[in-house]
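Asks: sequence and predicted structure are below.
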Amino acid sequence: MSNTLEKVIQILVEKIGIAPTEATTDANFIKDLGIDSLDYAEIVMEFEQTFNIRIPDSDAERLQTVGQAVEYIEEKISA
């Protein structure tokens, strides 16, 4: 498991109170984890602070699964 994935799972556990086992890479934020738009906005802001990156709204809208978020964050970090 990558360090980025571990941090993303930790954020999801802390922010929305899910079990770490629920945050699989193919888990959909809305369908599987039950995250609403307000929770999602908070999670995106937490990703930005934790990883010291900027996630434009247009990009955030396309991130639907935990795995997509992890890939996106890793791309931003390495850029």
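Replies: All right, it came through fine.
Asks: hey, let's count contacts and neighbours off CA atoms from now on
Replies: Will do.
Asks: please enumerate the helices of the protein.
Replies: 3-16, 37-51, 57-60, 66-78 (DSSP state H).
Asks: how about the shortest one as PDB, C-alpha atoms only?
Replies: Just to be clear, that refers to helix 57-60. Extracted C-alpha coordinates of helix 57-60, given in PDB (Å, rounded to 0.1, in the frame of the first residue of the first chain):
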ATOM      1  CA  ASP A  57     -13.000  22.200  -8.800                       C
ATOM      2  CA  SER A  58     -13.100  20.900 -12.400                       C
ATOM      3  CA  ASP A  59     -10.600  18.200 -11.400                       C
ATOM      4  CA  ALA A  60     -12.300  17.400  -8.100                       C
END
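Asks: can you tell me what sits against it?
Replies: Contact partners of helix 57-60, identified using Cα atoms under 8 Å, 6 or more residues apart in numbering, comprise Val44.
Asks: what pLDDT does Thr4 get?
Replies: Looking at Thr4, its pLDDT is 96.
Asks: what is the burial count for the closest residue to it other than its chain neighbours?
Replies: Excluding the flanking residues, the one nearest Thr4 by Cα to Cα, 6 or more residues apart in numbering is Val70, at 6.3 Å. Using other Cα atoms under 10 Å, Val70 has 22 other residues around it.
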